[in-house]
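Novice: I need the structure of the sequence given here:
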Amino acid sequence: MQHVKRILRLDASANPDESDSSKLGDHLIRRLKQADPDADTRERNLNQQLSFIDSSWIAANFTAKGERSDDQSARLSLSDQLIAELDWADHIVLTTPMYNFGVPATLKAWIDLVCRAGITFRYGADGPEGLLKGKRVDIVITTGGAPLGSPVDFVSGYLRQVFAFIGIDDVNIIGADQMNVDAKASFARAITQIEQYYPAFAA
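Specialist: Numbers count the residues shown, from 1 in each chain. Got it, this is the predicted structure:
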């Protein structure tokens, strides 16, 4: 039986209905669906239902699975669900703006919930090893004034490192930076990047 491609879309903008990162994500998903109309797609708005880790979460995480109380298991249930989504996916599409030179707080919360020792990475003799291998990630990043790749870009390199940490090295950055300088040109450059990554399906 032929494998059906599985795409997980994650949106981090606080204003997803109006955000340019989400609009670019829409275009990217359309291209991917053109390539594989039968692809199974799941979506998660990172502004909904996420929680920050705290002392109770940390205590539950560092308790052996078979020794956790019901409350501790419940405290980790969202993290388990988010990790299951990543494990399910072949291709991850993450859209995010830059907020104050970094990632939105909700995206950082998601990162903290999915980076779990023994599940998405482990420590060995040679240091940490990511466990979610064989996946591809497209990261769509928009910025207001900061250029991607500049000394004040604390988003693109950080996100590359996070995905590498959990075992995903096949990462593309699609950038619409400096939108406050020339939004139309910046958006158009990002569209061109998407179509360069997936050229066989250009309109």
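Novice: can you give me the strands in the chain?
Specialist: Counting by DSSP state E, the chain has strands at residues 6-11, 40-45, 91-97, 121-124, 127-130, 136-142, 170-176.
Novice: would you list the ones you listed in a markdown table and tack on mean pLDDT?
Specialist: Converted to a markdown table, the strands of the chain look like this (pLDDT from 0 to 100):
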| stretch | mean pLDDT |
| --- | --- |
| strand 6-11 | 97 |
| strand 40-45 | 96 |
| strand 91-97 | 98 |
| strand 121-124 | 92 |
| strand 127-130 | 92 |
| strand 136-142 | 97 |
| strand 170-176 | 96 |
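Novice: nearest to Ser150, of those strands?
Specialist: Proximity to Ser150 (Cβ to Cβ) singles out strand 170-176 among these, at 11.2 Å. All C-beta atoms are positioned from the backbone trio N, CA, C, and that covers glycine.
Novice: distance of Tyr197 from Gln34?
Specialist: For Tyr197, the distance to Gln34 (Cβ to Cβ, to the nearest Å) stands at 13 Å.
Novice: picking up where we left off before, I'd like to know which of the strands of the chain is closest to Asp71.
Specialist: Relative to Asp71, the nearest member of those by Cβ to Cβ is strand 40-45, separated by 24.7 Å.
Novice: Straight-line length of stretch 92-109, end to end?
Specialist: Start-to-end span of stretch 92-109 (Cα to Cα, to the nearest Å) is 17 Å.
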